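Asker: Sequence and predicted structure are below.
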Amino acid sequence: MAATSSLSTFTVTLSAYTISLMADDRENYIQAQADAASARPILATVFNPAGPVGHSDLFQGRQRQIERILSAVGQHGQHVILFGERGVGKTSLASLTHEFWASYAREATGFLALRYNCDPDDTFGTIWARIAELLADEYARQGRTRPTNDTWEELYAEITHEAGTPHSVRRLLDLTGEMLIIVVDEFDQVLDDTTVQQFASLIKALSDYLALTTLILVGVADTVDDLIEDHASINRATIQVALPRMSQRELRDIIQSRYDRAGLMASPETLDRMAWLAQGLPHYAHRLGQEAGFSAVDRSSPTVAEDDVDRAVGVAVEHSQESIRTAYRNATVSPQPQALFKTVLLASALTPTDELGYFAPADVRDPLHRLTGQPYDYPQFVRHLKHFTLSERGEVLEATGQARKWRYRFADPLLRPYVVLSAIADGTLAFPRLYELSPQVDEDDSGQPRLL
Ligand SMILES: Nc1ncnc2c1ncn2[C@@H]1O[C@H](COP(=O)(O)OP(=O)(O)O)[C@@H](O)[C@H]1O
Ligand SMILES: [Mg+2]
């Protein structure tokens, strides 16, 4: 079948593309001397703490996940579910995939790539109404005419009037005769259960009919089940890609590759500090890397030093999202200076976790002891942990398990590094003591979460 052979050619092209992404292009960008005037605007563009990675050549790591997503497109009837914690880089990975298909691949293979972000009010009808419009726009943008027959027009009218069903959507996509890649991001935002079930039915139908469309559903979740309950019926039709936190090496590479472009240098120890503080979350690698870079440039130095990291920590705390700062304030506020809320939250942020971010309350004892020098025992701090899960303290922790076997984690993963950064900014903690307080991250690049 022609489609199959063009798909396999396409997959080869994609693999070449991923390999070119993996290639270390650092050499091309290193400038011999930092030029403060030019470094600043470069730092401002190459680091992007506030949004997904814009360009594929600034995208670090994630090879295994890229390959798995690509393999789905190479197989008829396979769709992708991409999930992970908030802030680990799902949208960036989906954008990379979309960018590739939308630009490079279009010329080579005639793919149409579309992308939609869900919001809490969305239903199956509203999502597909917008995607059908995006499809029509994409035809127009490419200067191509969309299908002209009556059935297509009827289906298009029905769907853009928000009355689409899994059946009509599948037929509309089929009638295009195009290979479509449709990224549906922030799928966790969808609150309506029926919509989720309809998506499962759609995936099943697309798969049964060996449609040329590949759906990529993206959302915040610990497991596929959190994103699509009752996913058993679509297990065979989906490639499920969990996106873990980034490794220490990937985080260092995010910073190093951008310093190379700006003509800045940093010692391995300095890069390690920033990567360590990021706790696997690329947002903080961008924020700290960028601010430390600015600080070096302000000193007219081509070398980012540890003092620059300290300054970057201060700015990162100040410029953090208001929601994070408020959550921290509400959780730790106390009329009694001797109250332990702040210290227990800090100890929690330094406690080793499992791969889903959970820690056992008993494990807080050790960092708490090291922080305070006091041998606090379980009953003295477990009350605080419990309070952190209640609305009066902003529910900054969430608990799972059962009585006497509770496990806790930060409800917002971005709060955990913030707590540590705040402690550095207010002088409670400093390197290298921080390394002693919390187990060292390891150095391999296995893609395993890099929790402290
Ligand atoms: N592979 C990557 N390489 C470099 N930076 C990344 C990568 N993935 C994510 N980021 C950065 O991390 C932050 C969060 O990424 P985003 O894709 O928005 O996460 P999510 O969608 O999972 O919440 C952004 O600042 C983004 O630029
Ligand atoms: Mg996202």
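Answerer: Perfect, thanks for sending it. Residues are numbered from 1 along each chain as shown. Ligands and ions are numbered 1, 2, ... in the order given.
Asker: Now for the residue of the chain found nearest ligand 1: which residues touch it?
Answerer: Relative to ligand 1, the nearest point of the chain is Gly89 (2.7 Å; C-beta to the nearest ligand atom). Where you see a C-beta, it was placed from the backbone N, CA and C, and this is true even at glycine. For Gly89, the contacting residues are Pro52, Val53, Arg62, Leu243, Met246, Pro282, by C-beta atoms under 8 Å, 6 or more residues apart in numbering.
Asker: let's see it at 10 Å
Answerer: Counting by C-beta atoms under 10 Å, 6 or more residues apart in numbering, Gly89 touches 52-53, 59-62, 65, 95-96, 243-246, 250, 254, 281-283.
Asker: Could you count how many residues lie near Leu350?
Answerer: Using other C-beta atoms under 10 Å, Leu350 is surrounded by 25 other residues.
Asker: before we move on, what about Ala72?
Answerer: When neighbours are counted by other C-beta under 10 Å, Ala72 registers 22.
Asker: wait, isn't it in contact with Ile66?
Answerer: No. Counting by C-beta atoms under 10 Å, Ala72 stays clear of Ile66, with 11.2 Å between them.
Asker: hey, what's in contact with both of these two?
Answerer: Residues touching both Ala72 and Ile66 (C-beta under 10 Å, 6+ apart): Thr97, Val241.
Asker: Helix, strand or coil: sort out the nearest residue to Phe187 once chain neighbours are set aside for me.
Answerer: Nearest non-adjacent residue to Phe187, counting by C-beta to C-beta, 6 or more residues apart in numbering: Gly219, 3.8 Å away. Under DSSP: H, G, I helix; E, B strand; the rest coil, Gly219 falls in the strand class.
Asker: Could you do Arg409 as well?
Answerer: The three-state label given to Arg409 by three-state DSSP is strand.
Asker: for it, what are its contacts?
Answerer: Arg409 makes contact with 85, 222, 348, 351, 353-354, 356-359, 397-400, 416, according to C-beta under 10 Å, 6+ apart.
Asker: need the residues of this structure near ligand 1, please.
Answerer: Neighbours of ligand 1 within the chain, by C-beta under 6 Å from any ligand atom: 48-49, 52-53, 59-62, 86-92, 254, 282-283, 286.
Asker: Select only the buried ones of those residues in ChimeraX?
Answerer: Those of the residues of the chain next to ligand 1 that count as buried under 16 or more other C-beta atoms under 10 Å are selected in ChimeraX with:
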select :48,49,52,53,59,60,61,62,87,88,89,90,91,92,254,282,283,286
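Asker: Tell me which of the residues of the chain next to ligand 1 fall in helices.
Answerer: Within those, residues falling in helices by DSSP state H are Lys90, Thr91, Ser92, Ile254, Pro282, His283, His286.
Asker: list the contacts for the last one?
Answerer: When you say that, I think you mean His286. Applying C-beta under 10 Å, 6+ apart, the residues near His286 are 46-51, 53, 251, 254-255, 258, 274, 278, 316.
Asker: ok, how many other residues are close to Ala403?
Answerer: Ala403, neighbours per other C-beta under 10 Å, totals 5.
Asker: Report pLDDT for it.
Answerer: pLDDT, Ala403: 75.
Asker: Read off the pLDDT value for the spatially most central residue of the chain.
Answerer: Using C-alpha atoms, centre = their mean, the residue of the chain that lies closest to the mean C-alpha position is Gly89, 2.2 Å off. Gly89 is assigned a predicted lDDT (pLDDT) of 95.
Asker: roughly how far apart are it and His286?
Answerer: Using C-beta to C-beta, to the nearest Å, one gets 11 Å for the distance from Gly89 to His286.
Asker: can you give me the strands for the stretch 151-300 of the chain?
Answerer: Using DSSP state E, counting those that start in this stretch, the strands of the stretch 151-300 of the chain run over 179-185, 214-220, 238-243, 265-266.
Asker: Please identify the deepest-packed of those strands.
Answerer: Among these, strand 214-220 has the highest mean neighbour count (mean count of other C-beta atoms under 10 Å), at a mean of 24.
Asker: what about that one, average pLDDT?
Answerer: pLDDT averaged over strand 214-220 gives 95.
Asker: just to revisit the earlier point, quick check on the contacts of His286: which are buried?
Answerer: Neighbour-count burial (16+ other C-beta under 10 Å) is assigned, among the contacts of His286, to Val46, Phe47, Asn48, Pro49, Val53, Leu251, Ile254, Ile255, Arg258, Met274, Ala278, Ala316.
Asker: So which of those residues sits lowest on pLDDT?
Answerer: In terms of pLDDT, the lowest of the buried ones among the contacts of His286 is Val53, showing 89.
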